[in-house]
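Asker: here's a sequence, model it:
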Amino acid sequence: MNVAAYLVKILEEEGLENIFGLPGEQILPFYKALKDSKINHILVRHEQAAMHAADAYYKSSHKLSACVATAAPGALNFTMALAGAYKDNVPLLVLTGDNPTDLRNEDVFQSLPTSEIFRNIVDETFNPLNGTEAVYALRAAIYKIRHDPKGPVHINLSNDVLLSEEFQDFDLCYLCENDLSNVKKAQELINKSKKPLFVLGSGAISQRKVLKLIAESNGIPVATTFNSKGIIAESNPLNLGMAGTRGTPRANYAIKNSDCIIALGARASERTFVALDEIEDKLIHVNINKKHLKGNYPIQGSVENFLYEVDFKKADWLDELLEIDNKIAVEGLGDKTLPLRPQVAINEILNQYKDNIIIGDAGSHITWVTLLKKSSDFGQLLFQSALGPMGYGIPGAIGAAVANPDKKIIVINGDGDFQMNIQELATIKEYGLNILIFIINNSQYGIIRQHEVNKYDMEPYQIDLKNPDFVKVAEAYGLKAKRAEKLEDLQDVDDYDIVDVAVRFEDIPLPK
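Answerer: Prediction:
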């Protein structure tokens, strides 16, 4: 058995069910082993799509997720999507092939220092020089993903290392960093608090059942981040909604007026805590990633460990919060004039598919989606929120569909987004994935136009798109599509794969 076969064997034992990728010369030994395994490989048309798909696969299932590419050109096609996963702290296994070890530092065909290039957009990168190091790297990577999930973990695998039959395996003892020294001080703040507040990020999702029990039994209100929407159903009175620049009135009022903010598994970014300097003396921040910690009560460790160490007391300020009108005003929802306003079309889509997984992309449409979407469970709205790249929608839907074969996945993206990874329509067709794509089509890069006009006082420049006939494009891929111009055209569309929705230009409401 060579190293490639043994690595695939480990992945099978660790429960990897699916892997997204595209083969190439230097990674072929791994593919040869993969071919005879129980792991399902999803062939994408571009490596960026493999990374986006793995990202959404994890976000919608929290199962072990992986993607694979060959040497330099294939690996480098990962970079933008990999950076997005890194910014969202998504723990993915990223495998890349490489030239034989004796050629890594030579100026030869397809030779680049992949690990060095990736170093700033992964949690950790391994560059094994022999079989034993490769086996260790995979064991360590999976341990980190399971027990210390800070972001993607990369392994660069040279062709000769994969083909080697010399390697050793071992029991891995990998200790995660923890610093619980501030727990006692945090407990003192909790004890004297009258108005505690949970702010839950994606790092708290694994403890959602426990947190729901704690919140409900103690009456502690909850605010969420982009990536944890629905961790407690948004219909639950304790869920105040999303905090921050796109936050709800209740959530942002609670942050301002709480005397003890308990942020669990959240990054505490400027988008979540707009005025961080004003709340540092009442912020208990728990995160496994030391570099994200903020406030006067930083605790490096898992949410699970923190919850085990502290006790909570009854809160009594929910009635005060419920008095606040929590509706975010979205203008024009009753306007049915043509062309449709984008928020009207998106609201209709969300009303029809309120319990489906929604995949968003980047641009003006995602603002309307986040303002209008109410989640009854985590993972119902997925996009790369911290980096905001265009092109996530279609490949993200592929990952979510593979992870959730019993569900219809809904994509809401812009016409510019749609063309960023349009080649993945072939992947959707090949695997018969249950995906419905809505293109919010205003024939322009709308949010760029808005910034040009409003921020820079300039005439719109280089933002108009001369789009193809998206219906014909879809049909060329063997998919069923239609053009929608009226609200009625958005009804009874379950039998379609793509709906091209004509909308007017509309400025999004900017954060105040």
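Asker: enumerate every residue touching the residue nearest to Arg504 when sequence neighbours are not counted.
Answerer: Spatial nearest neighbour of Arg504, chain neighbours left out: Pro339 (4.1 Å); criterion: CB to CB, 6 or more residues apart in numbering. (Glycine included, C-beta is placed from N, CA and C.) Pro339 makes contact with Glu485, Ala502, Val503, Arg504, according to CB atoms under 8 Å, 6 or more residues apart in numbering.
Asker: between these, which sits nearest Lys185?
Answerer: Val503 (51.9 Å; CB to CB).
Asker: quick check on Asp489: phi, psi?
Answerer: Main-chain dihedrals, Asp489, degrees, to the nearest 10: phi -70, psi -10.
Asker: which one's the longest helix in this structure?
Answerer: Ranked by residue count, the top helix of the chain under DSSP state H comes out as helix 131-147.
Asker: next secondary structure element downstream of that one?
Answerer: strand 153-158 (DSSP states H and E).
Asker: list the contacts of that following strand.
Answerer: 4, 7, 26-27, 30, 75, 91-101, 104, 114-115, 118, 122-129, 134, 137-138, 141, 144-145.
Asker: quick one, that strand and helix 131-147 angle?
Answerer: Per axes from the mean of the first three to the mean of the last three CA atoms, to 10 degrees, the angle that strand 153-158 makes with helix 131-147 is 160 degrees.
Asker: following strand 153-158, which helix or strand comes up?
Answerer: Assignment by DSSP H and E places the next element after strand 153-158 at helix 159-163.
Asker: which of the residues in that following helix are buried?
Answerer: Buried residues in helix 159-163, counted by 16 or more other CB atoms under 10 Å: Asn159, Asp160, Val161, Leu162.
Asker: for the last one, give me its contacts.
Answerer: Spelled out, that is Leu162. Here Leu162 is in contact with Asn2, Val3, Ala4, Leu7, Ile27, Pro29, Phe30, Gly97, Ala134 (CB under 8 Å, 6+ apart).
Asker: now the fifth one. Nearest residue, chain neighbours left out?
Answerer: The shortest distance from Ile27 to any non-neighbouring residue, by CB to CB, 6+ apart, is to Gly97 (3.0 Å).
Asker: pLDDT wise, what is the spatially closest residue to Asn434 that is not a sequence neighbour at?
Answerer: Leaving aside its chain neighbours, Asn434 sits nearest to Lys408 (4.9 Å; criterion: CB to CB, 6+ apart). At Lys408, the model reports a pLDDT of 97.
Asker: one more: the one 3 residues further on?
Answerer: Val411 carries a pLDDT value of 98.
Asker: next: Cys176.
Answerer: Residue-level confidence at Cys176 comes out at 68, pLDDT.
Asker: what do you get for Lys512?
Answerer: 55.
Asker: how about Arg341?
Answerer: 96.
Asker: so how far is stretch 484-501 off the chain centroid?
Answerer: Offset of stretch 484-501 from its chain centre (CA atoms, centre = their mean, to the nearest Å): 27 Å.
Asker: equivalent analysis for stretch 50-68, please.
Answerer: Between the centre of stretch 50-68 and the centre of its chain there are 9 Å (CA atoms, centre = their mean).
Asker: okay, buried residues for it please.
Answerer: Within stretch 50-68, the residues scored as buried using 16+ other CB under 10 Å are 50-62, 64-68.
Asker: for that stretch, what is the average pLDDT?
Answerer: The average pLDDT for stretch 50-68 rounds to 97.
Asker: could we number from 52 for the rest of this?
Answerer: All right, first residue 52 from here; so that's stretch 101-119.
Asker: tell me the domain ranges of this protein?
Answerer: 54-214, 234-373, 393-553 (automatic domain parsing).
Asker: to Val381, which of these lies closest?
Answerer: Once the domains of the chain are compared by CB to CB, domain 393-553 is nearest, at 5.5 Å.
Asker: now the terminal residues of that closest one, how far apart.
Answerer: When the termini of domain 393-553 are compared using CA to CA, to the nearest Å, they are 9 Å apart.
Asker: just give the nearest non-adjacent residue to Val119, would you?
Answerer: Excluding the flanking residues, the one nearest Val119 by CB to CB, 6+ apart is Gly72, at 3.6 Å.
Asker: could you do Gly316 as well?
Answerer: Nearest non-adjacent residue to Gly316 (CB to CB, 6+ apart): Gly254, at 2.2 Å.
Asker: list the buried residues of the helix or strand where Ala477 lies.
Answerer: Using DSSP H and E, Ala477 falls within helix 476-482. Judged by neighbour count using 16+ other CB under 10 Å, the buried positions of helix 476-482 are Leu476, Ala477, Thr478, Ile479, Tyr482.
Asker: circling back: wait, doesn't the residue nearest to Asn485 sit right on Asn407?
Answerer: Yes. With contact defined as CB atoms under 8 Å, Lys459 and Asn407 form a contacting pair (5.8 Å).
Asker: so for those two, which sits in the more crowded spot?
Answerer: More crowded of Lys459 and Asn407, by other CB atoms under 10 Å: Asn407, with 17 against 14.
Asker: okay, the more buried one and Gly182: tell me how far apart.
Answerer: 45 Å (CB to CB, to the nearest Å).
Asker: and Val141, how many neighbours?
Answerer: Val141 has 27 neighbours, counted by other CB under 10 Å.
Asker: can you tell me the helix or strand for it?
Answerer: Under DSSP H and E, no helix or strand contains Val141.
Asker: related to what we said a few turns ago, from Val552, how far out is the residue nearest to Arg555?
Answerer: For Pro390 relative to Val552 (CB to CB), the value is 10 Å.
Asker: mind putting the contacts of Pro390 into CSV with distance to Ile90 and neighbour count?
Answerer: Output for the contacts of Pro390, formatted as CSV (distance: CB to CB, whole Å; neighbours: other CB atoms under 10 Å):
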residue, distance to Ile90, neighbour count
Glu536, 44, 15
Ala553, 42, 19
Val554, 41, 26
Arg555, 47, 13
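Asker: between those residues, which is nearest Gly292?
Answerer: Val554 (25.8 Å).
Asker: about what we covered before: out of the contacts of Pro390, flag the one nearest to Tyr348.
Answerer: Val554 (46.1 Å).
Asker: buried ones in stretch 233-243?
Answerer: Neighbour-count burial for stretch 233-243, counted by 16+ other CB under 10 Å, picks out Asn233, Val234, Ala237, Gln238, Leu240, Ile241.
Asker: for stretch 353-369, that is, sorry about that
Answerer: Ser353, Val354, Asn356, Phe357, Leu358, Val361, Phe363, Ala366, Trp368, Leu369.
Asker: re earlier: among the buried residues of helix 476-482, which two are most distant?
Answerer: Going by CB to CB, the pair spanning the buried residues of helix 476-482 furthest: Leu476 and Tyr482, at 11.4 Å.
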